[in-house]
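[1] Provide a 3D model corresponding to the input given below.
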Amino acid sequence: DEIIAEIRNMTGNTPMLPRWAFGQWCFEEFYPYINVFNATIQKYIDLGIPVETGTTPDYHLFTKEVNYTPSPGGFEKRLTCAAAYSELKNEYSELHQYTNNRRPCIPTYTNYPGVQKFGTILIAGEVKPDWGNLKAQITAGINLPLSGQPYWTTNIGGNLQPDPNLSSFNELITRWYQFAAFTPILRIPKPDRDLLILKKNSEPLYEAALKSIKLRYRLLPYIYSAVNDIALKNETFTRSLMFDYQKIEKVHTIDQQYFFGRSFMICPVSEPSAAKLPVYMPEGSNWYDFWTGKVYEGNTDQNLDVTIDHIPVLVKSGSIIPLATIGSSSTDSLAAPIEIRIYPGNDATFTLYEDENDATNYLNGQFSKIKIDYVEKDKSVTFGSIEGQFSGMITNRTFRVVLVSESNGIGSELSDKFQTVNYKGKKIK
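    Down below sits the predicted model:
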């Protein structure tokens, strides 16, 4: 963390992206006509799939980059994007400097030092849809934040034509969705391999992929709070295990497990018909299976059962996870009750961050924070007084506190058993 913070201090700190950017959204490149774009979103809405109804207004800058032609003499193809960045960075800077009513959200193929300071998202290049490339995308995603760029996105199902002999293509798409749900940015893939196609081809695989998308929307309070830590504390969201366990030699070769924020450890499945997945549980904490509540001791190797329904997701003991009521998009259920899951075993703290969801007023202190503390000794939970304010702030809200066990607080659905806290903006225990 200290090294990455230093990189950003030298080349430029990372701003927050708008809240919608952390939902599921369509990428304009895949939709040549606006009516096709709108029709796709409407199909998602009709099926009750949470989705953002728009896309980035900064796509034109991506188009300029893609269509950039070097000067006579030219560059090798691999250098063209860097050259394009040299030409476009003044436009990036002007957008970043003079756009106050919204936050820039610029797709780019370039990961040149300093590009993160303009509100960019690193887009994966040409990716062939096969299991080897899914595995490679996981490894690349784990390593990428070491450059200082926290915002990146994978091409679900690749973006090149699949091998017609790949019989496990639909399973591959499903596993890719399950991985992508735990990446910084979740883009809808090309229309020939998206959720709607999966629904036509296999209802069970469609349901499995849909489950990962809904979990993504459940976790938006957790994700958005972590994004604020990126912007204001120079933290990193998707984290190699080496960030926290560099002294443990065996984690140096683990490239298929990573942290998603401070509390989640994600273990994607990147082989077809997998029934088991070897997972290392780092020392210093116990680890809860998110789906079952089963607890694993730290510093152990486990061979976890795998089903197509989900990928293994572990939560560190001593964690507090807020889960949202799912709406149709990232912002239409903000006032609904929030489930607060407590993963016991150690004391825990979490700060719930909220703001206007877009615009740059957060840089002027217009945001709110609620600190939540859990004490293991007496199993008590304290909600601190709300700090800060912004236009449209929700002061009174309902929290549903859940102490996780194997019988409660498991999986992606909200829990049946909880203790209600009617929060009025003042400290309450």
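
[2] Quick check, central residue of this protein?
    Most central in the chain under Cα atoms, centre = their mean is Pro184, positioned 3.4 Å from the mean C-alpha point.

[3] Any figure for the gap between the residue nearest to that residue when sequence neighbours are not counted and Gln97?
    Spatial nearest neighbour of Pro184, chain neighbours left out: Tyr151 (5.0 Å); criterion: Cβ to Cβ, 6 or more residues apart in numbering. For the C-beta atoms, the positions are set from N, CA and C on the backbone; glycine is no exception. Distance of Tyr151 to Gln97, computed by Cβ to Cβ, to the nearest Å: 19 Å.

[4] more crowded one of the two?
    Tyr151 (27 against 10; other Cβ atoms under 10 Å).

[5] Tell me who's in contact with the more buried one.
    Tyr151 makes contact with Thr14, Leu17, Gln116, Thr120, Ile121, Leu122, Pro184, Ile185, according to Cβ atoms under 8 Å, 6 or more residues apart in numbering.

[6] on that earlier part again, tell me the contacts of the residue nearest to the centre of the chain?
    Phe22, Ile121, Pro150, Tyr151, Trp152, Thr153, Phe237, Thr238.

[7] now with 6 Å?
    Residues near Pro184 by Cβ atoms under 6 Å, 6 or more residues apart in numbering: Tyr151, Trp152, Phe237.

[8] Just give me the neighbour total for Lys377.
    Number of residues near Lys377 (other Cβ under 10 Å) recorded here: 6.

[9] separation between it and Asn408?
    Lys377 is 21 Å from Asn408, where distance means Cβ to Cβ.

[10] With Gly388 instead?
    For Gly388, the distance to Asn408 - Cβ to Cβ - is 33 Å.

[11] cool, and Thr120?
    Distance from Thr120 to Asn408, by Cβ to Cβ: 41 Å.

[12] These two: which has the busier surroundings?
    Taking other Cβ under 10 Å, Thr120 and Asn408 do not tie; Thr120 has more neighbours (29 against 14).

[13] Any chance of the backbone angles for that one?
    phi -100, psi 160 (degrees, to the nearest 10).

[14] What of Lys427?
    Torsion angles, degrees, to the nearest 10, at Lys427: phi -60, psi 130.

[15] Give me the three-state assignment for the closest residue to it other than its chain neighbours.
    Closest residue to Lys427 apart from its sequence neighbours, by Cβ to Cβ, 6+ apart: Ser385 at 4.7 Å. Here Ser385 is coil, with the state taken from DSSP: H, G, I helix; E, B strand; the rest coil.

[16] What is the burial count for Gly48?
    Counted by other Cβ under 10 Å, the residues lying close to Gly48 total 10.

[17] what does Gln178 give?
    Burial of Gln178 is recorded as 25 neighbouring residues (other Cβ under 10 Å).

[18] So for stretch 137-148, what gets flagged as buried?
    Gln137, Ile138, Ala140, Gly141, Ile142, Leu144, Pro145, Ser147, Gly148 (16 or more other Cβ atoms under 10 Å).

[19] what's the answer for stretch 274-288, then?
    For stretch 274-288, the neighbour count (16+ other Cβ under 10 Å) marks Leu277, Val279, Tyr280, Met281, Pro282, Ser285, Asn286, Trp287, Tyr288 as buried.

[20] ok, so what distance separates the residue nearest to the centre of the chain from Thr11?
    As judged by Cβ to Cβ, Pro184 and Thr11 stand 18 Å apart.

[21] The residue lying closest to Tyr343 once chain neighbours are set aside: neighbour count?
    Closest residue to Tyr343 apart from its sequence neighbours, by Cβ to Cβ, 6+ apart: Ser319 at 4.4 Å. Ser319 is flanked by 25 other residues according to other Cβ under 10 Å.

[22] Could you give the backbone dihedrals for Ser319?
    phi -120, psi 150.

[23] Check Thr153 too.
    Taking degrees, to the nearest 10 as the convention, Thr153 sits at phi -150, psi 140.

[24] Could you pull up the residues touching it?
    By Cβ under 6 Å, 6+ apart, the contact list for Thr153 reads Ile121, Ile185, Arg187.

[25] Swap in 10 Å and give it another go.
    Under the criterion of Cβ atoms under 10 Å, 6 or more residues apart in numbering, the contact partners of Thr153 comprise 21, 27, 107, 121-124, 141, 180, 183-187.

[26] lowest-confidence helix or strand of this structure?
    Sorted by mean pLDDT, DSSP states H and E, the helices and strands of the chain end with helix 77-98, the least confident at a mean of 83.

[27] That one packs against which elements?
    Applying 3 or more Cβ pairs under 10 Å, 6 or more residues apart in numbering; DSSP states H and E, one finds that helix 77-98 contacts helix 59-66, strand 106-108, strand 120-123.

[28] Flag every buried residue along it.
    So for helix 77-98, counting by 16+ other Cβ under 10 Å, buried means Thr80, Cys81, Ala83, Ala84, Tyr85, Leu88, Lys89, Tyr92, Leu95, His96.

[29] Quickly list what Thr153 is bridged to.
    Beta-bridge pairing of Thr153 under DSSP bridges involves Ile123.
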